[in-house]
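Engineer: show me the folded form of this:
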Amino acid sequence: MSEKRQLLLMAKYNKLMNQRMIMAVEDVPTESLLTDKGAFFKSTLGTLNHILVGDILWLKRIAKQSTAEPILAFLSNIEAPQKLDDLIFDDISSLKEQRLIIDNALIKLTRNLEAVDLDTMLEYSNMKGEKHCKRLGDLILHLFLHQIHHRGQMTTLLSQESIDFGETDLVEII
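Structural biologist: Purely as a prediction, here's the structure:
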């Protein structure tokens, strides 16, 4: 399987899992979603926000790449989060709306990138101001793995609310 095909598969998988994750908590009262449950990003909504914060930060960096620029131009209207634990949305409906926009952009981005784009070296600074230069394909893969990692934490948070998230295995989805 080509790298581009794998990344497109990951983009589609992540959209589906993100939609399911939000559907699982849509009827949970906001107060409960904001309750500190001892997770790394404290609450269910804090964790969902962190996943989105990570995506926005990475996509803003990736938007500087020429093929990605027109697809991700909408990000210029979105302020970059200042901290990894920024609560950019304090309600699930607003988060849901932005999540869908970001997930659709990820699908469009991975669909439009070619092998030469994936091999491009992307220079960026992390939140500490440290400069890095990494291969674009590897950074996009990292973005998806970051989502998967924190959605795993979300399944634990959901189980604390007696919500069974269900199947998350990719092989069960494709």
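
Engineer: got a list of contacts for stretch 75-91?
Structural biologist: Contacts of stretch 75-91 with the rest of the structure, by C-beta atoms under 8 Å, 6 or more residues apart in numbering, involve 30, 34, 41-42, 45-46, 49-50, 52-54, 56-57, 59-60, 63, 95, 98, 127. (C-beta placed from N, C-alpha, C; glycine too.)

Engineer: look at E123 and give its secondary structure.
Structural biologist: strand (DSSP: H, G, I helix; E, B strand; the rest coil).

Engineer: make 22 the starting number, not 1.
Structural biologist: Got it, first residue is 22 now, which makes that one E144.

Engineer: that one: how many residues sit nearby?
Structural biologist: 10 (other C-beta atoms under 10 Å).

Engineer: for the protein, name the helix or strand with the lowest mean pLDDT.
Structural biologist: Using mean pLDDT, DSSP states H and E, the weakest-scoring helix or strand in the chain turns out to be helix 191-194, at a mean of 70.

Engineer: show me where pLDDT drops low in the protein?
Structural biologist: Applying pLDDT under 70 to the chain flags residues 193-195.

Engineer: now do the buried residues in the lengthiest helix in it.
Structural biologist: Longest helix in the chain by number of residues, with DSSP state H as the criterion: helix 157-181. Of the residues in helix 157-181, 157-158, 160-162, 164-165, 168, 171-172, 174-175, 178-179 count as buried by neighbour count, 16 or more other C-beta atoms under 10 Å.

Engineer: count of residues packed around the residue nearest to S64 when sequence neighbours are not counted?
Structural biologist: Of all residues not flanking S64 in the chain, L55 sits nearest, at 5.1 Å (C-beta to C-beta, 6 or more residues apart in numbering). L55 has 16 neighbours, counted by other C-beta under 10 Å.

Engineer: I'd say L55 and T68 touch.
Structural biologist: No: if you go by C-beta atoms under 8 Å, L55 and T68 don't touch, sitting 11.1 Å apart.

Engineer: okay, buried residues for stretch 31-43 please.
Structural biologist: Going by neighbour count (16+ other C-beta under 10 Å), the buried part of stretch 31-43 is M31, A32, K33, Y34, N35, K36, M38, N39, M42, I43.

Engineer: who's in contact with that stretch?
Structural biologist: Here stretch 31-43 makes contact (C-beta under 8 Å, 6+ apart) with 69, 72, 113, 116-117, 120-121, 124-125, 127-128, 130-132, 162, 165, 168-169, 172, 175, 186-187, 189, 191, 194-195.
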